[in-house]
Every structure is written in structure tokens, then in C-alpha cells.
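**Q** Got a sequence here, can you model it:
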Amino acid sequence: MAVQHWADALRKAKKTALISDGKRKVHYLFEDGNEMTEEYDLKTDELVLRKWRHKTTFGGQGQWTWEVGETTPNGITSDLIKENSSNPLFMRKDTKTSFQWRIRNISYPIEVYSVSAEPMERCCVIRTSNKKYYKKFSIPDLDRCQLPLESAALSFTHANNTLIISYKKPKEILTLEQELLGELKKLKGTSEGDIDCKTQ
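**A** Next comes the predicted model:
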């Protein structure tokens, strides 16, 4: 079963833990050389950030790609070039029971939005009836565990110029996350500030 395969990959990965800024930061080094970093809020145990770095074709280290959380503080990617602050900003921020995406700076009334699951393409699609916004996105957690994408689990709401899309986590994911969190809490983490998290 794919869920078990992913759980085994997480268990076999070399892990380094660090406690800093009210977060448990965990670095994973997988057997294939790929890396994953996660940050959990110490008070709520919620996942705040997850990013990946895959090996390049020639075996070098690739760039970090964000899966959960904001890409950089304040969304700024460069000192020289930055996005217009009024552009829609798409980011994922999960809760304990749902995968959740937020699109900030999108002010149309709720009846303009349409959010659908496309099981054959394994993605979700956001459309507006005024044709001003369109976005396709996948749910990597479901893909890793090879779980089906179900329309019934998808919902959305709109408030304060932010569209919030939620996908209810399947019980297999909830169980896996609880087991993983239990293991991460057992990891001996240092709390001496931001140090280099190299895995042995």
C-alpha cells in the first residue's frame, strides 16, 4: 500500500531536529538524496512550513521548493524585483483536519468562484465566472500516498479579500500524521538557536 510506502520512507530518512522561535524544525534526508524540511508550531503541533530540495540531473543540490507555508517572509523573493502587493497571492496553510489553500487579494463576491476536483488529472481547479482568475493545483500528500481525490472533501469560503479552499484530510493521512508527530516529539532536538542542520 502506498501510504505504508510513504510512512516507511519517512521512518528510514535521516532526521535532524531543532527547536527555535517557538517551532520544531525537522530536516529529513531520504535514501534517494532528496531533502525535506518541516516546521511545526510547538503549542498547536500544526504544520507551518514544508519545503523540498530534489537532486539535480547531475547529482547536485537543486533549489528549495515550498509545499506548505509562505515562500519567503512577506512574499519577497528578491531585493531588486518584487511582485505587486495587490496581485493575488496563492499559498497553502494546513489545519489539523484539512489541507487548506488561501488566495489573498482576490475581492470578487463568493458567487463568482467555482472550485472543483478533477480526479482524472489529480488536481483541483479554481475558476471565476468573470474569467479574471484561474488556478490548477495538486495535493502532493494524496499523490505520495496514492489516495483518490474526492469532490465531496472539497469546500471553499471567502472573507476579507481571501478565498479559502479546504480539502478534508482522509483518515489514512490523519493516522499517518499522528504517528509521525509522535515520532518527531521523541527526536532529541537542540535548542541552541539557528545552527546548521546537517544530517550525519
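
**Q** For the chain, give me the ranges with low pLDDT.
**A** 1, 72-84, 189-200 (pLDDT under 70).

**Q** cutoff 80 now
**A** Counting by pLDDT under 80, the chain shows low-confidence ranges at 1-3, 59-60, 71-85, 188-200.

**Q** would you list every one of the strands in it?
**A** For the chain, strands defined by DSSP state E occupy the ranges 14-20, 23-29, 35-41, 47-55, 61-68, 89-92, 98-104, 113-118, 123-128, 134-137, 154-159, 162-168.

**Q** Adding distance to residue 146 and mean neighbour count, write those strands out as JSON lines.
**A** From N, CA and C alone the C-beta is placed, and that goes for glycine too. Listed next are these as JSON lines, based on distance: least, Cβ to Cβ, whole Å; neighbours: other Cβ atoms under 10 Å:
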{"stretch": "strand 14-20", "distance to residue 146": "24", "mean neighbour count": "17"}
{"stretch": "strand 23-29", "distance to residue 146": "20", "mean neighbour count": "19"}
{"stretch": "strand 35-41", "distance to residue 146": "18", "mean neighbour count": "19"}
{"stretch": "strand 47-55", "distance to residue 146": "18", "mean neighbour count": "17"}
{"stretch": "strand 61-68", "distance to residue 146": "17", "mean neighbour count": "14"}
{"stretch": "strand 89-92", "distance to residue 146": "20", "mean neighbour count": "17"}
{"stretch": "strand 98-104", "distance to residue 146": "16", "mean neighbour count": "19"}
{"stretch": "strand 113-118", "distance to residue 146": "16", "mean neighbour count": "15"}
{"stretch": "strand 123-128", "distance to residue 146": "15", "mean neighbour count": "17"}
{"stretch": "strand 134-137", "distance to residue 146": "18", "mean neighbour count": "12"}
{"stretch": "strand 154-159", "distance to residue 146": "19", "mean neighbour count": "14"}
{"stretch": "strand 162-168", "distance to residue 146": "16", "mean neighbour count": "20"}
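
**Q** Distance to residue 7 for those strands - can I get that in TSV?
**A** Listed next are the strands of the chain as TSV, based on distance: least, Cβ to Cβ, whole Å:
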stretch	distance to residue 7
strand 14-20	14
strand 23-29	13
strand 35-41	14
strand 47-55	16
strand 61-68	18
strand 89-92	21
strand 98-104	18
strand 113-118	25
strand 123-128	24
strand 134-137	24
strand 154-159	25
strand 162-168	20
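
**Q** Can you tell me which of the ones you listed is nearest to residue 188?
**A** For residue 188, the closest of the strands of the chain is strand 14-20, at 7.0 Å, according to Cβ to Cβ.

**Q** Leaving out chain neighbours, which residue sits closest to residue 137?
**A** residue 124 (5.7 Å; Cβ to Cβ, 6 or more residues apart in numbering).

**Q** Fine by me, we can end here.
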